[in-house]
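Novice: next input, structure requested:
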Amino acid sequence: MKDLNELMQAILDMDAAQRKAADEAQSERAARLAGLDEERRRIAAKAAEESKARADAAAKQASEANTAALEELAENRAAAERNLQQRAEACTDQWVDELCRRALAGTGAGGEA
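Specialist: Numbering: from 1, shown residues only. Okay, here's the model as predicted:
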């Protein structure tokens, strides 16, 4: 009976040692998983930060290009307006000259002068 008790105690001790080893392995695995999860979060945050920086740089570049294009359009518009004004003034002078010539000649454009 003493041998049986010793055998049972040895079995219980082995079972406790196995449980302790399993618990330690599970704790170690949980700690490693937590470390991996933290690393995954850092990598994701870094990737998001880099992506935002690239997007901000692209937006700034596009904004600068738009500003330059708008300035060029404004310059072109101003030049076109000046050109149209000059042509209108030239045409006005021609029309006045023609109307004066016709009036003085007494030959209105299809009517009386």
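
Novice: helices of the chain, residue ranges please.
Specialist: 2-105 (DSSP state H).

Novice: pLDDT weak spots in it?
Specialist: The chain contains residues with pLDDT under 70 at 107-113.

Novice: so how far is Ala10 from the residue nearest the centre of it?
Specialist: Centroid-nearest residue in the chain, with CA atoms, centre = their mean: Ala55, separated by 3.7 Å. Distance check for Ala55 against Ala10: by CB to CB, to the nearest Å, it reads 67 Å. Just so you know, the C-beta spots here come from the backbone N, C-alpha and C atoms, and that holds for glycine as well.

Novice: still on that earlier bit, ok, the residue nearest to the centre of the chain to Gln61 distance?
Specialist: When distance is defined by CB to CB, Ala55 is 11 Å away from Gln61.

Novice: over to Gln85?
Specialist: From Gln85 to Gln61 the distance is 36 Å (CB to CB).

Novice: ok, Asn5 next?
Specialist: In terms of CB to CB, Asn5 sits 83 Å off from Gln61.

Novice: now do Arg87
Specialist: The gap separating Arg87 from Gln61 is 39 Å, by CB to CB.

Novice: also Leu4?
Specialist: 84 Å.

Novice: check Cys100 too.
Specialist: For Cys100 relative to Gln61 (CB to CB), the value is 58 Å.

Novice: again with Leu12
Specialist: Taken as CB to CB, the span from Leu12 to Gln61 is 73 Å.

Novice: for Arg77, same thing?
Specialist: Counting by CB to CB, the gap from Arg77 to Gln61 is 25 Å.

Novice: likewise Ala44?
Specialist: Applying CB to CB to Ala44 and Gln61 gives a distance of 26 Å.

Novice: same question for Asn76.
Specialist: Distance from Asn76 to Gln61, by CB to CB: 23 Å.

Novice: same deal with Trp95?
Specialist: Here the criterion is CB to CB. By it, Trp95 lies 50 Å from Gln61.

Novice: can you check Arg29 too?
Specialist: Distance from Arg29 to Gln61, by CB to CB: 48 Å.

Novice: swap in Leu7?
Specialist: Noted for Leu7: a distance of 80 Å to Gln61, by CB to CB.
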